[in-house]
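[1] turn this into a structure:
(4 chains)
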There are 2 protein chains.
Amino acid sequence: MTPTDRAEAVTLESPSLEAAREAITDGFDRGALVTAFGRCTVDYDGRASSRLEAGDRHVMCKPDGTTLVHGSEGQQPINWQPPGCDRDVFCDHGDAHQLVLESVRSTPAERLCVRFHHVVHVAAFSGTDDGALTLSGTEADLRDRILETPDLLEPGFRPLATERETSAGAVDVYGEDDAGRPVVVELKRRRVGPDAVGQLRRYVDALQRDLHADASIRGVLVAPSVTDRAARLLDDHDLEFVSLEPRVE
Amino acid sequence: MTPTDRAEAVTLESPSLEAAREAITDGFDRGALVTAFGRCTVDYDGRASSRLEAGDRHVMCKPDGTTLVHGSEGQQPINWQPPGCDRDVFCDHGDAHQLVLESVRSTPAERLCVRFHHVVHVAAFSGTDDGALTLSGTEADLRDRILETPDLLEPGFRPLATERETSAGAVDVYGEDDAGRPVVVELKRRRVGPDAVGQLRRYVDALQRDLHADASIRGVLVAPSVTDRAARLLDDHDLEFVSLEPRVE
DNA sequence: ATTTCGATCTCGTTT
DNA sequence: AAACGAGGTCGAAAT
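    Model (predicted):
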């Protein structure tokens, strides 16, 4: 949205396709967040291909190049185009008169085409948004808890590094236990399944080889809880689990 | 959106907070998709916690209980609440007059609270959407390609089952090679990283134990391509790779 | 530009 | 209700 002294909305009710085209183009030029509601079909081709048959939908075009096509259900858009895409808006004066909103990008080559048969509403929103988002309860918070109070993992644990690189990728927390044995810690902010165990296993394997250590390396999964299958996998591979929440209860 | 004979939009420009409250409530009652644009703060508490300072944002409330708070950038909403949530809309006549939109659910317990200081625009959209989405280029398409032409994997490959259950989960495609050796196939629609190798490895390990077969089991990853690290992991664990696209070029 | 992994991931399917 | 994996995942950080 273009920063303006005061937030504003420019709207059109039941415009002609040509009037809608003009309003949308104007909105784009002014750096507004533009929405259109009406009957449309949507075609996508790129990483996959899709066709969406005619229906009434809400289309949002952000000034950063994002396009979102929303129906009446679900959190996710039915179709979309990511930030950074280039747009073209025009009226197709063919057999069926249509308002066409096209969005393309390269790398990867993708094209989204929304064809409005009928437009009920167009709006262009301008405003300012300096408000920052603060979020807590993330994996970073769980990591900080452990760095601050290593005993939460186990008495005597000493963290030595975060994001320690191995040939299999970066280990969340790397340290030593009471007895000086190397410990690889994999953190998850919520209940984990088999995938997290596989990840931990890769890191332990890699570090074992990287160091070709005398002492075997311990692998500890830290998460609020694990699924049955994950627990079994941990057991199979002599990995450990410590229950810990990203936030204090 | 409530099915109506014709798509429609009921809108309000720069309404009072009380008028906005009424329009939003009416829209909810009519099963409309309701949007509001204005200056607001947003608080979330549930799986994590967040606070979003004041800014002009676009809030979408779907009739299925979904709420999306969008800013001017990014494909993802800044804050959201999933389908199935219950809502409450009211005016807070406290120190600062505010229009409050609250959305809650249990399991997991989550609460989103949008507080409008100023509302620029409210709209309630009704329409019908029977249009179906058809998508191609998915993992299912890749699977179908192999089932139809098993030689694409390798000459003599015979698929025996899809989604074959093992103690580690379901294998995408299970079959036998030319020599009668069991083959576990893991499919990915796009270039894969280390995670997919870990997945294949789990399945091969599990099946090896499930069958305690005499002949060792082959694991084949089928994807358009692999990253370097993934290629190395495949090599380390004697797993194989076959390059195949989900769609014919 | 690519790789890698987290995410209030979401979503569908199955148990 | 929980578990498991796909996704046009998105987004961010590092290379």
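[2] every contact and neighbour count from this point should use C-alpha atoms.
    Fine.
[3] near DNA strand D, which residues of chain A?
    Taking CA under 7 Å from any atom of the strand as the test, the list of chain A residues beside DNA strand D reads A:44, A:46-50, A:78-83, A:110, A:112, A:191, A:193-195, A:226-230.
[4] where is the longest strand in chain A?
    Using DSSP state E, we find that the single longest strand of chain A is strand A:110-126.
[5] from the chain's centre, how far out does the helix or strand following it sit?
    Per DSSP states H and E, the first helix or strand lying C-terminal to strand A:110-126 is strand A:133-136. Taking CA atoms, centre = their mean, to the nearest Å, the mean C-alpha location of strand A:133-136 is offset from the chain mean by 15 Å.
[6] ditto for stretch A:39-52
    Shown here is stretch A:39-52, whose average C-alpha point lies 21 Å from the average C-alpha point of the whole chain (CA atoms, centre = their mean).
[7] close to chain B, is it?
    Yes - part of stretch A:39-52 sits close enough to chain B to count as contact by CA under 8 Å from any CA of the partner chain, namely A:39, A:47, A:48, A:49, A:50, A:51, A:52.
[8] so which bits of that stretch are buried?
    Neighbour counts using 16 or more other CA atoms under 10 Å in any protein chain shown place A:39, A:40, A:41, A:42, A:43, A:44, A:45, A:46, A:49, A:50, A:51, A:52 of stretch A:39-52 among the buried residues.
[9] residue contacts, the first one?
    In this case it means residue A:39. Shown here is residue A:39, whose contacts under the criterion CA atoms under 8 Å, 6 or more residues apart in numbering or on different chains are A:54, A:55, A:56, A:57, A:116, A:117, A:118, A:119, B:7.
[10] again, but for the last one
    The contact partners of residue A:52, by CA under 8 Å, 6+ apart, come to A:41, A:42, A:43, B:131, B:132, B:133, B:134.
[11] let's have the residues you listed in JSON lines, adding pLDDT.
    As requested, the contacts of residue A:52 are arranged in JSON lines below (pLDDT from 0 to 100):
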{"residue": "A:41", "pLDDT": "98"}
{"residue": "A:42", "pLDDT": "98"}
{"residue": "A:43", "pLDDT": "98"}
{"residue": "B:131", "pLDDT": "92"}
{"residue": "B:132", "pLDDT": "94"}
{"residue": "B:133", "pLDDT": "97"}
{"residue": "B:134", "pLDDT": "98"}
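[12] and those residues, which is closest to residue A:99?
    Taking CA to CA as the measure, residue A:99 lies nearest residue A:41 of the contacts of residue A:52, at 10.6 Å.
[13] and the closest one, bridged to which residues?
    According to DSSP bridges, residue A:115 are recorded as the beta-bridge partners of residue A:41.
[14] tell me who's in contact with it.
    Residues touching residue A:41, when contacts are defined by CA under 8 Å, 6+ apart, comprise A:51, A:52, A:53, A:54, A:55, A:114, A:115, A:116.
[15] in PyMOL, select just the buried ones from those residues.
    Once 16+ other CA under 10 Å is used to decide burial, the buried members of these can be selected in PyMOL as follows:
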select buried, chain A and resi 51+52+53+54+55+114+115+116
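[16] not counting its neighbours along the chain, what's nearest residue A:113?
    Closest residue in space to residue A:113, ignoring its immediate chain neighbours: residue A:102 at 4.5 Å, by CA to CA, 6 or more residues apart in numbering or on different chains.
[17] hmm, that neighbour is touching residue A:92, no?
    No - with contacts defined as CA atoms under 8 Å, residue A:102 does not count as touching residue A:92, sitting 11.7 Å away.
[18] farthest-apart pair in the residues of stretch A:39-52 next to chain B, please.
    Maximum distance among the residues of stretch A:39-52 next to chain B (CA to CA): 25.5 Å, for A:39 and A:47.
[19] compute the inter-axis angle for the longest helix along chain A and helix B:194-211.
    Identified as the longest helix of chain A according to DSSP state H is helix A:194-211. Taking axes from the mean of the first three to the mean of the last three CA atoms, to 10 degrees, one finds that helix A:194-211 is oriented at 100 degrees with respect to helix B:194-211.
[20] who are the packing partners of helix A:194-211?
    Contact partners of helix A:194-211 among helices and strands, from 3 or more CA pairs under 8 Å, 6 or more residues apart in numbering or on different chains; DSSP states H and E: strand A:158-166, strand A:169-176, strand A:182-187, strand A:218-223, helix A:228-236, helix B:194-211.
[21] let's see 6 Å
    Counting contacts by 3 or more CA pairs under 6 Å, 6 or more residues apart in numbering or on different chains; DSSP states H and E, there are no secondary-structure elements packed against helix A:194-211.
[22] using CSV, write out every CA atom in it.
    Output in CSV follows, covering the C-alpha atoms of helix A:194-211 (Å, rounded to 0.1, in the frame of the first residue of the first chain):
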residue,chain,number,x,y,z
PRO,A,194,9.5,-39.7,12.1
ASP,A,195,10.9,-36.9,9.9
ALA,A,196,12.6,-35.2,12.8
VAL,A,197,14.2,-38.4,13.9
GLY,A,198,15.6,-38.9,10.4
GLN,A,199,17.0,-35.4,10.6
LEU,A,200,18.7,-36.0,14.0
ARG,A,201,20.0,-39.3,12.7
ARG,A,202,21.6,-37.6,9.7
TYR,A,203,23.4,-35.1,11.9
VAL,A,204,24.7,-37.7,14.3
ASP,A,205,25.9,-40.0,11.5
ALA,A,206,27.6,-37.0,9.8
LEU,A,207,29.3,-35.8,12.9
GLN,A,208,30.4,-39.2,13.8
ARG,A,209,32.2,-39.4,10.5
ASP,A,210,33.4,-35.8,10.4
LEU,A,211,35.1,-36.2,13.8
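[23] contact partners of that helix?
    For helix A:194-211, the surrounding residues in contact (CA atoms under 6 Å, 6 or more residues apart in numbering or on different chains) are A:167, A:168, A:186, A:230, B:198.
[24] just the buried ones from the residues you listed, in PyMOL syntax?
    A single PyMOL command selects the buried members of those (16+ other CA under 10 Å):
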select buried, (chain A and resi 168+186+230) or (chain B and resi 198)
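[25] now render the contacts of helix A:194-211 as TSV, adding pLDDT and distance to DNA strand C.
    Putting these into TSV (pLDDT from 0 to 100; distance: CA to the nearest atom of the strand, whole Å) gives the following:
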residue	pLDDT	distance to DNA strand C
A:167	91	9
A:168	93	6
A:186	98	7
A:230	98	15
B:198	97	10
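[26] which of the contacts of helix A:194-211 sits closest to residue A:245?
    Looking at the contacts of helix A:194-211 and their distance to residue A:245, the nearest is residue A:186, at 13.3 Å (CA to CA).
[27] so that closest one versus residue A:236, what's the distance?
    17 Å (CA to CA, to the nearest Å).
[28] check residue A:111 too.
    Applying CA to CA, the value for residue A:111 to residue A:236 is 47 Å.
[29] which one of those two is surrounded by more residues?
    Set side by side, residue A:111 and residue A:236 show unequal neighbour counts under other CA atoms under 10 Å in any protein chain shown, the larger going to residue A:111 at 21 against 9.
[30] surely the more buried one is in contact with residue A:88?
    No - with contact taken as CA atoms under 6 Å, residue A:111 and residue A:88 are classed as non-touching, separated by 11.1 Å.
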